[in-house]
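S.K.: no FASTA, just this:
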């Protein structure tokens, strides 16, 4: 079993940057595909980015491609999401997740509690 805890969210102006961190504890972190998801109240959870076991296979939602970068440090059991050129529409509660990886929420078994990102215009 894996416990996930996100941090690094906050309030930032449009065009700014934030780096989200997801710290894991419990089972072997390197066994899992990892992803970032986000959710706005009243809407379904939305895929943002994922990284597979090897770390060399990543995928991004079209809405964040070229602006966000996912990375992982298996030794530190940590997942990161570097978010640059932020837009107001990036405002959401951001979650990290562990499982098989991919663009389907059903592929993830473990979820964190989320960290709020708010981008002002």
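M.R.: That came through, no problem. Predicted, not measured: the structure shown is a model, and the values here were computed from it.
S.K.: excluding chain neighbours, what is closest to the spatially most central residue of the chain?
M.R.: In the chain, the residue lying closest to the centroid (CA atoms, centre = their mean) is residue 36, at 2.3 Å. Distances taken as CB to CB, 6 or more residues apart in numbering put residue 48 closest to residue 36, at 4.2 Å, once the chain neighbours are dropped. Yep, even glycine has a C-beta here, placed from its N, CA and C like the rest.
S.K.: list the buried residues in the strand or helix carrying the one you found.
M.R.: If you go by DSSP states H and E, residue 48 is part of strand 46-51. Across strand 46-51, burial judged by 16 or more other CB atoms under 10 Å covers 47-51.
S.K.: ok, stretch 90-108 next?
M.R.: 90-99, 101, 105, 108.
S.K.: which of those fall in strands?
M.R.: Counting by DSSP state E, the buried residues of stretch 90-108 place 92-99, 108 in strands.
S.K.: could you list the low-pLDDT ranges of this structure?
M.R.: Low-confidence segments of the chain (pLDDT under 70): 54-55.
S.K.: now the helices for it?
M.R.: Counting by DSSP state H, one finds no helices in the chain.
S.K.: stretch 2-12: end-to-end distance?
M.R.: 30 Å (CA to CA, to the nearest Å).
S.K.: what distance separates that stretch from the centre of its chain?
M.R.: Stretch 2-12 has its C-alpha centroid displaced from the chain centroid by 9 Å (CA atoms, centre = their mean, to the nearest Å).
S.K.: hmm, residue 77 and residue 29 touching each other?
M.R.: Yes. With contacts counted by CB atoms under 8 Å, residue 29 reaches residue 77, the gap being 4.1 Å.
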